[in-house]
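> Quick one, fold the following:
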Amino acid sequence: MNFDLRYVPFSRYGSYLACSLLARTPGDPPTLWLRQISGHGQKEAFRLEVLAEGQPVPFETVATPSLLELRSARGCAQGAVQLCIAADDLLRIRGLGVGLRLSAGDTDPFRCAIPWTGERWFVNLFRARRWISSASGCVIRPRPPSTPRRPSWPPTSTGPASSPRAGC
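Residues are numbered from 1 along each chain as shown. Prediction:
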C-alpha cells in the first residue's frame, strides 16, 4: 500500500521523526522534509535531496508504512535512497547508486551538524539532539560555513573531527 506524502507523513508510532512533502507557499512545488514533530511544534529539520555525482537530481517518492524510497531515473543517475524509521529515534538511510543531502532550513540559526569522531556527527535541532553515524559507507563533511558566527569550524573542544575519505 503506497501513500502520498503531501497528505500523510512517513513516520512510525512513538517517533517524533517524520518525512513530508511540503510547499512553502501555495503554487510552489513540494519539497521533501525530514521533520521533528513533538509537543514543541512541528519543525522542518532538514530538506532531503537525492544526489548523483554531487549534484541534486529529480526523484519520485514511493512510501509504504515501513519504507520510504526516493527513486531517481534520470540518465546515468539511476538509483534510490531508502529510509526506514527502525525505532522511535533511529532513522536508517541506504543509498543505492545515489546519495542523500540533508540541508538545514533557513529559519532556525541553531540547527547545525558538528563532526564528532570517525563517522559520527552530532545534530542539534534546537530542542532535540540527534546523532548521525554510518554503519557502512561514509558521511561526508559539509563545506565550512562562511558566516562569522562560527569562527572555529570544526570546534576543537568536542573531539577530533573526521576527515572525508577518498572515494566517498
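> Would you mind confirming that Ser103 is in contact with Leu51?
No. Counting by Cβ atoms under 8 Å, Ser103 does not reach Leu51; the two are 10.9 Å apart. (Glycine included, C-beta is placed from N, CA and C.)
> So between those two, which is more surrounded?
Leu51 (19 against 13; other Cβ atoms under 10 Å).
> gap between the more buried one and Val8?
Counting by Cβ to Cβ, to the nearest Å, the gap from Leu51 to Val8 is 26 Å.
> got it, and Arg35?
In terms of Cβ to Cβ, Arg35 sits 13 Å off from Val8.
> what do you get for Ala63?
8 Å.
> So between the two, which is more surrounded?
When neighbours are counted by other Cβ under 10 Å, Ala63 comes out ahead of the other of Ala63 and Val8, with 20 against 12.
> Can you spell out the domain ranges of the chain, please?
Domain ranges of the chain: 1-107, 110-168, per automatic domain parsing.
> Kindly tell me how buried Ser72 is, as a neighbour count.
There are 21 residues near Ser72, going by other Cβ under 10 Å.
> Okay, the nearest residue to it once chain neighbours are set aside and Leu5: tell me how far apart.
Nearest in space to Ser72, with sequence neighbours left out and distances taken as Cβ to Cβ, 6 or more residues apart in numbering, is Phe59 at 4.5 Å. In this view, Phe59 and Leu5 are 12 Å apart by Cβ to Cβ.
> Now do the strands in this structure.
With DSSP state E as the criterion, the chain has strands at 17-22, 31-38, 41-52, 55-56, 60-63, 68-74, 77-87, 90-96, 99-104, 111-115, 120-125, 128-133.
> can the ones you listed go into a markdown table with extra columns for distance to Met1 and mean pLDDT?
A markdown table is the format used below for these (distance: least, Cβ to Cβ, whole Å; pLDDT from 0 to 100):
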| stretch | distance to Met1 | mean pLDDT |
| --- | --- | --- |
| strand 17-22 | 17 | 91 |
| strand 31-38 | 20 | 86 |
| strand 41-52 | 22 | 81 |
| strand 55-56 | 29 | 89 |
| strand 60-63 | 9 | 94 |
| strand 68-74 | 13 | 87 |
| strand 77-87 | 16 | 88 |
| strand 90-96 | 21 | 88 |
| strand 99-104 | 24 | 84 |
| strand 111-115 | 33 | 75 |
| strand 120-125 | 30 | 76 |
| strand 128-133 | 29 | 73 |
